[in-house]
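S.K.: Here is a sequence together with a model predicted from it:
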Amino acid sequence: MAKGTPAPVRSRIPVRKNGIWWALAVSALLALVLAAGPRIPVGNGITSPIYGINDIRFGIDIKGGYDIVFVPDLADGQTATADQLASARAIISLRLDSKNIADRELTVDNANGRILVRYPLKSGETVGSASGTDAVKELGATAKLTFVDPDGNVVIDGTDVKESHVEVQNGSPVVVLSLNPAGTTKFAEATAKWLYKTITIKMDDKTISSPTVNAVISDGNAIIEGMADTTEAKTLSDNINAGALPFSLKAVSVNIISPTLGQGALDVMVRAALVAFLLIILFMILYYRLPGFVAVIALFTQMVCTLLAVTIPQFTLTLPGIAGIILSIGMGVDANILIAERIREELRAGNSLRFAVAAGFQRAFSAVLDGNLTTMFPAALLWIMGSGAIKAFGFTLLFGVALNLLTGVVMSRVMTGSLSLYPAFQNPWLYGGRRNGK
């Protein structure tokens, strides 16, 4: 190799001339899914929703929420112990976790034997339209679960159930039920006795399902079939999970609370975000030219994917959660600036366009990777170990930064490399270098 000749650089990311069009198509498709919130077929005419931007469940700080006081529904003269109240609180917390409601307050008032619950309104609800009855129904913590045989005897109750979840088997939604050892023994005896008969699932005195026993269930894992759609199956599963309480609870007080940041907080934040993103677009394109344009598409895709990570599982989006999204986008801007500056340095050193693009991404990658990993580790800990608003911040920051590696490095590399293969975009000036012939 001649002296002064730069070492060859090989890209580990395949670069094709049509890469830019694939990237734009993927970005547009994801944006359409976020905007439309479509329903997808799962078989047998059943559809399941993909929640979009209009289905975001905002936290109490942005949209307001419910303030509910629960007390044990016990016979006169009986009181719940501190351990029982703590157990009930833990199960309500798991119930809220199953709905990805991170923004909540759960307080046990042992002196008065009460459990105080605060959590945000559902998507589409406002302070004026919300119903306290709907809140108690959604929480599903006011009834006691029982499985009753044809003779009216209780086979198992909520304390025998570990958990339930929804699956789609052979194109139909089913509820998969797991029992603890005691429940496994009792349920095996009951299913053997009542084979091909009906065992009724009740919440207090209300029947929520009446499945037929088709086999002796001795391993503690049961499947409940016959649901019309995934929504019905999810409702049954949620009710079963919510029924695993040491006693029934009743709501003695249900209030609707206003957003802690004020009614107009969300509108102000949306306007500020739009203005800030517009300024970023102008800066990146005017200063970094073509790499800046590519960066804008990558940042837009990163933001869309982060919002989908919030909307699809209906994760509660609080103000700290929005801060996590903003911080991850800021890191995405930083990553693209590092890459664009590296490409500019290579071009001004006299290297060819193709070499400059490959070298720019390769030599900026280590700095981008280090910055993202050192942020992802604490974000993961905040998400896993935190609660409430801290959990929301860790969730959005973790996913946003992880997506930054995908969009800010991989997607940007594909688009920049693709554009550099078109003669119209091979002027070094477009990438920060000098104009051809100068």
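M.R.: Great, that's in hand.
S.K.: Whichever helix or strand residue 361 is part of packs against which elements?
M.R.: Counting by DSSP states H and E, the element that carries residue 361 is helix 353-385. Where contact means 3 or more C-beta pairs under 8 Å, 6 or more residues apart in numbering; DSSP states H and E, helix 353-385 is packed against helix 319-348, helix 388-404, helix 412-419. In short, each C-beta sits where N, CA and C put it, glycine included.
S.K.: which one of these lies closest to residue 183?
M.R.: helix 388-404 (30.7 Å; C-beta to C-beta).
S.K.: Let me see the mean pLDDT of that closest one.
M.R.: For helix 388-404, mean pLDDT is 89.
S.K.: go on, stretch 281-298?
M.R.: Mean predicted confidence for stretch 281-298 is 94.
S.K.: mind listing what's buried in it?
M.R.: Using 16 or more other C-beta atoms under 10 Å as the test for burial, stretch 281-298 gives 281, 284-285, 288-298.
S.K.: Give me the subset of the residues you listed that lies in helices.
M.R.: Mapping these onto helices (DSSP state H) picks out 281, 284-285, 288-298.
S.K.: about what we covered before: ok, which pair from the buried residues of stretch 281-298 is furthest apart?
M.R.: Most distant of the buried residues of stretch 281-298, by C-beta to C-beta, are 289 and 298, 15.0 Å apart.
S.K.: ok, back up a step: among the buried residues of stretch 281-298, which one lies nearest to residue 26?
M.R.: Nearest to residue 26 among the buried residues of stretch 281-298: residue 297, at 10.1 Å, using C-beta to C-beta.
S.K.: The closest one: what's it in contact with?
M.R.: Neighbouring residues of residue 297 by C-beta atoms under 8 Å, 6 or more residues apart in numbering: 23, 24, 27, 411, 415.
S.K.: Using CSV, lay out the residues you listed together with neighbour count and distance to residue 316.
M.R.: Converted to CSV, the contacts of residue 297 look like this (neighbours: other C-beta atoms under 10 Å; distance: C-beta to C-beta, whole Å):
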residue, neighbour count, distance to residue 316
23, 21, 31
24, 13, 32
27, 20, 26
411, 23, 28
415, 26, 34
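S.K.: Looking at those residues, which one is closest to residue 424?
M.R.: When the contacts of residue 297 are ranked by distance to residue 424 (C-beta to C-beta), residue 415 comes first, at 14.8 Å.
S.K.: Could you tell me what pLDDT the model assigned to the closest one?
M.R.: On pLDDT, residue 415 comes in at 94.
S.K.: Quickly note the distance from it to residue 48.
M.R.: Noted for residue 415: a distance of 32 Å to residue 48, by C-beta to C-beta, to the nearest Å.
S.K.: Next: residue 119.
M.R.: 24 Å.
S.K.: Tell me which of those two has more neighbours.
M.R.: residue 119 (25 against 15; other C-beta atoms under 10 Å).
S.K.: The strand or helix carrying residue 66 pairs with which strands, and in what direction?
M.R.: Assigned by DSSP H and E, residue 66 belongs to strand 65-72. Strand pairing for strand 65-72, using DSSP bridges, gives strand 114-120 (antiparallel), strand 249-257 (antiparallel).
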